[in-house]
Each structure stands twice: as C-alpha cells, then as structure tokens.
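Enquirer: task: produce atomic coordinates for the following.
(chains A and B)
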Amino acid sequence: MSGTVILFLVLYYVVVLGIGYWALRRGAGKDLEGYLLGGRQVGPITTALTMQSTAMSGYMFLGAGGLGFAQGYWALWYAAGDIGGGLLNLSVIGRRMRKLSQMMGALTAIEYLEKRYPSPAIRLVAGTLTIFLLGFYVLAQLIAGGKGMALVTGISYPLALAIAVGIILIYTFMGGYLAVAYTDFFQSLVMLVGVMWIMIAALSELGGFTAANVAIGELDPTLLSVWGRGLGFEGQWGVVAGALLIFSVGYMGWPHVVTRHMAMSSPATARRAGFWATIWSLFFVPAPYLVGIFAILILPGLDDPEMAIFQVAEQLLPAAVTGLVMAAIMAAIMSTADSLLLQTGSIASRDIYERFINPRASERQMVMVSRGLVLAVALVGYAIALVEPPTVFSIVIFATSVLGSAFLPAYVCAVWWKKANTPGALASMIVGASVAFIWQYAGLVETTQMHPMLTGVMSSTITMIVVSLATQKISPVPRHVLDAMNVSAAVGPIPARYLDATEFGLANEAAAIANGLEEGGQNG
Amino acid sequence: MVKEKLLTVIREQVDSATALQNIAGMTGGVSVVVERSVLYPYIRFTASCSVPTMIGRKAISVDCLVDGINGLGATADPFSTERTVICDEVRLQSKITNEAAQRIAQRTVTHQLGRQFRMIAPFDVQLEAAGTIYKRFWIIRIGGGRIMTDSVTGNMHTLSATAA
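Expert: Sure, this is the predicted structure:
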C-alpha cells in the first residue's frame, strides 16, 4: 500500500471525527437530546441507506468477491436472493410485526418472541441460539477487519487483527454515536460509489462486459455457466434454492434485522424505505460478486480469493480513491461488528441475565454483563481468527443458515398464523437450528445436494405446523395474543388510502380508545 | 350529571377543525365528522442521564411518558402542558401504578439510550416523577368507521372495526 492510500484513509477518519467533535461542541448536550429523540423521525431515504450500510457487512467485500472469483457466474444466485431480500422481509412481516410488537410492548426481538409465544423457554432458547450465532457473525467481521487492515497498512495479519478487534471494542464500549449520527448515510453512499467505481474500473481494464466474458470463457467456459466452476453444482437445484433463499427469506430469521421493523414509524415510511433499499441493493449487491469474477482475469495468481476486491481496488484505482474507498469499507465492517456486538450484549444482559438470573439487576450490573460477554466474544473470535481463520463466506453462510432455519417460521407465523403456539415455535426453533447445523457439519450437502438453509427451513416450517396443530388443545394461543393479532391485521372499514397515514406508534392508544368507546357507550 | 375535573393536558397543536380538514382532504367526497375527543392518560417522568462522548460525559435531560393503560414507555419530544377543566366521561382512567410506571420508564430510557447511541455504557439514569398528564385524541367518523387523530402531532390511526 502506498503512503497516499494511508494518508487518505486517515484523512477520512479525521474528517468524520472532526464533524462529530464540532457537532458535540456546538450542541453542548442539546444535540445529543435531539439525536436521542429525533432518530426515529428520519426520512425513508436516510432510513434505507443507514439500514443497508449496517446490513452490508464484511461478507460483501470479502465473501462475495471470493465466491465470484472461485465459482464465476454461479455466485450470482446469492446476489439474486440478496437484492430482493429487504423488500420481501418488509412486505411479509414488516408492518404487522411493527404493530404487534408495539401492542405487546416488546423492546427486543427476543422479548417479542416470548410475548407472542408466552413461555420463558422461548426466550431462553432464542436468546442462547442468537448469542451463539451472532458470535459467529462477529467472527466473520473480525476476520474481514483484520485482513483489510493488514492489506491497507501493510502490517502483519496478527497485529492487524489485534488492532481491528481493539478498534471494534472501543467503538462498542465508548459509543458508535459519531458514526451513527453523522456518517452512516455518507458511508453508504461512499460504499456504493466505491464498489461501482471498482467495478467500472475493472470493466474498463478488461474492455467491457463482452470482452471480459469472452476472456473468461476462453479461460474456463464453465465459469460463465450458472452451475459453477467445472459445473460442480450442475442440476443441484437443492443447493441453488438454498443459495437463493439464504439472503432473501433468510433475512426474516435474523433477530438483529427484524428488530428494525420494531422501530418503523408508518407503513408509508416502511414502503418508501423498502423501495430505496431495493434501488440501492440493485446497484450495490451484484457489484462485489462481479468484481470477484473479473478478478479471475485481473489477478490470475491471487492467493486468497477473499482479497479480490481489495486487490483489484489497489491495482486499478488512483491511490487517493483507494484510500477513501477502503476507509469506507473498513468503517462498514466496524459498524456491522459494533451492531452485532451490541445486539449480543443486549440479549445476554436483558434477555438472559435480567430475565432469568437477576430480575432486580441494576443498570451498572447489566452493563457489566454486556461488556463481559462482548469482551469474551471478541477474545474467542480473535483466537479463532488467529489460529485457524475460516473464510468469511463459510462463516456467514453457516450463521445465516442456522439463524434463518431456527427463526424464520417463528417470526412469519407470529403475525400470519393464529394457530402458531408456544410448543410449535419452541420445537421449530430447535429442529430448524439442529437440522441446518448437522447438515452443514455432517457433510450432507455433498451427499444430498441440498443446501442446509433449504433443509433447515423446510424442517422448522413442517415442525411448526405439525406441533402447533397437535398441541392446540393443551397449549392454545392466549386470548390477548389473538386479540393483538386481530388488531394488527384488521384496519376496520376505512378506505385503504388512510393506511399510509397510520402511525404505528399509536396502535396501543387506538386499541385502548376503541375499547373505551365500546365500554363507555356512544353517549359522550 | 356531568362531572368536571381539573387535569393537566398536553397543549394541543392540532385543533378539531384542522384534524377534520386533514382527513377531509384525503376522503374524495366521503363525509367526515368530528364525533368527540378522548383524553388519554400518561405518567410523566423527567430522566436525567449522562452520555459518554469523546470529549467527556454530557448531561442530557429527556421526558419519558408511560402509557397509563397499556404500560408502555416512550421518550418524548419537548412539550408544554396546561391545566384544563374537562368533563369526566371523555377521560380514560390510568391503570398503571406509579411504582410500575417508574420501572417501565427506567427500562425504557436505558434501552433507548443504548440503542440510539449504540454503546454499552452506564448512563446513570435518574428519574423524577411529574404526575399523570393527558393527551387529547380527536375521534373522527368517516363512513362506517372511525379514525383518531393525535392533537399534538396530527398523526392518525384507524380504530378497530369492533368498536366502530
């Protein structure tokens, strides 16, 4: 890496810190209050881009590029699912979940599951599974951060990894406020422009799409097929279906993603945010995969396929641009890792410690538990990433498959199926997670040609249906849950155009006022 | 006999005529009429907290309202109140005790601070109870259904079919 790259990388962070410092000095506290209160009022474009910049993790910059480099156009199966994932997620569970969670008073995704399927076992199983799997997801970000830092600075991987882990921990303990308040929106734009720039530079280098494809075809025609290098996945529709599902419906099973539904303000905001998120994804998502594919020609001797995007950027972009783009990529990785660690710490302290171990825990005790777990996850992650680092792609696919398999039916049925009950949800989570886990580690993907995501989701869905139906008499869905589901689904005899103006945050007041009017008669 | 009471009510920003006008603008000819208003109870707390920043801890103060019927908490934008004499039958009764409300407010503010500032840190939240206050909602009949409008924000929500 040249000194110019490092200079612009440092400059990027200095500017970001400078903006934050200036805002804090200027606001002297008022700014913080405004942020605390005003964060929920952001518009759909900001909401969408902030959401995307957090969701797009180190996977997009290492895993996606690496997959494109290794398998050619087959990698685009994953991209296809990812492009529509956000919109599908918002459409299927977004509005109803927002309203139901508001009515049930759930602050976290795990608490929401317990209130919908009343049982402490639900929170215990869901919380434990989430902590374990988000830990894997964090590991992927640590490896991505370490690899990126090593390439950008030229220092050794162990030292770069230690620095990346240290920065992420400081970010989490000291506050990501500056990044959240002032840079998420900017960062998502830099990410989009940066990745597009790398792709266009690659295309320009190769003489355009057609010339690039001709050259790849001459090298290995199977890389142009939808079946992967050497037609390794030919006819394996079970694997293809899993690749499509993992980032489309898989999103719906991620507690850290569905939490976002609980903060939406209105259906109109959700719809417009979904639109902008899809537009952003349409341009952003395929680019890393394509850059990975083009890297087959640009970097034929590349040792680590997951470094394809970084290496292409270094080779083709002007040093200053490379510095800025890499700073944005590193910031994206840090930001995602920080979010995941916060979510993990919050689940450990609120959903496990406060709920089951110390119900009267003080704020400081909760902070200690959160910090302790975050530190443990970071240290274990550091050790694994140092001793035998798996690929970012394999970790993300593993964690997403198991998370999606465990939680997808529970979240979807929570709002769409009134017969989904506690035993059904509990069995579904356990069976889905177990099947996806075993499928992955017993080597059943190769022998059955079925993706763990597909088998996991099928198992958990069937389990949810069978167990819920079989246990309706011994464990009926409580009346108050059914009432809340009815309210979250029904809108009354009001023209559809009013739905856009509906404020989710008023759902509880609306239900109470409706009851009050009913009880109080019509004589007011 | 109509009972009258002196209550603290959040000063309204949207009167019944404006609420009606806002909805009438969307109806396309369907008749709308303001049916009544309802006063909704909230238990108010002022939370003093400190947020760690790179230039030291910053003290901030924020209002937290706990829904007096459903027991849900939320931080609130600054607002002003007024003492008003109201007829008893348009007021919903609070069902949440002050102790329960305090616990909910503490949890709400702590959760909101951690989520919004994205950090794991003690915020030293101190709550000061400020009593029960009420917010007015306009109930507007439209065709066969009802919509309620928040008299402070102008936000609206349909009322369920069963009550309509």
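Enquirer: so what's the residue count around A:S362?
Expert: 11 (other C-beta atoms under 10 Å in any protein chain shown). All C-beta atoms are positioned from the backbone trio N, CA, C, and that covers glycine.
Enquirer: check it and give its pLDDT.
Expert: At A:S362, the model reports a pLDDT of 84.
Enquirer: show me where chain B has its helices.
Expert: Ranges of helices in chain B, per DSSP state H, are B:16-27, B:98-117.
Enquirer: out of these, which is the most enclosed?
Expert: helix B:98-117 (a mean of 20; mean count of other C-beta atoms under 10 Å in any protein chain shown).
Enquirer: ok so, going back, so for chain A, which of the helices of chain B sits nearest?
Expert: With C-beta to the nearest C-beta as the criterion, chain A lies closest to helix B:98-117 of those, at 4.6 Å.
Enquirer: you'd agree A:M104 is up against A:R116?
Expert: Yes: applying C-beta atoms under 8 Å as the test, A:M104 and A:R116 come out as touching, 6.8 Å apart.
Enquirer: between the two, which has more neighbouring residues?
Expert: More crowded of A:M104 and A:R116, by other C-beta under 10 Å: A:R116, with 27 against 21.
Enquirer: that one and A:A484: what is the separation?
Expert: Computed with C-beta to C-beta, to the nearest Å, the distance linking A:R116 and A:A484 is 8 Å.
Enquirer: intersection of neighbour lists for the two?
Expert: Listed as contacting both A:R116 and A:A484 by C-beta atoms under 8 Å, 6 or more residues apart in numbering or on different chains are A:L100, A:M104.
Enquirer: how far away is B:A121 from A:L169?
Expert: Per C-beta to C-beta, B:A121 is found 13 Å from A:L169.
Enquirer: which one's the longest strand in chain B?
Expert: Counting residues, the longest strand in chain B under DSSP state E turns out to be strand B:32-53.
Enquirer: export it as CSV, just CAs?
Expert: Output of strand B:32-53 as CSV, limited to C-alpha atoms (Å, rounded to 0.1, in the frame of the first residue of the first chain):
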residue,chain,number,x,y,z
VAL,B,32,-66.4,13.1,7.8
VAL,B,33,-67.4,14.5,11.1
VAL,B,34,-65.7,15.0,14.5
GLU,B,35,-67.5,12.7,16.8
ARG,B,36,-65.8,13.6,20.1
SER,B,37,-62.5,13.9,21.9
VAL,B,38,-60.9,11.4,24.3
LEU,B,39,-58.3,12.3,26.9
TYR,B,40,-55.6,9.6,27.2
PRO,B,41,-53.5,9.2,30.4
TYR,B,42,-49.7,9.1,30.5
ILE,B,43,-47.5,9.0,33.6
ARG,B,44,-44.7,11.5,33.1
PHE,B,45,-41.1,11.3,34.2
THR,B,46,-38.1,13.6,33.6
ALA,B,47,-35.0,11.5,33.1
SER,B,48,-31.6,13.0,33.8
CYS,B,49,-28.8,11.0,32.2
SER,B,50,-25.1,11.3,31.2
VAL,B,51,-23.8,10.1,27.9
PRO,B,52,-20.1,9.4,27.5
THR,B,53,-18.6,11.2,24.5
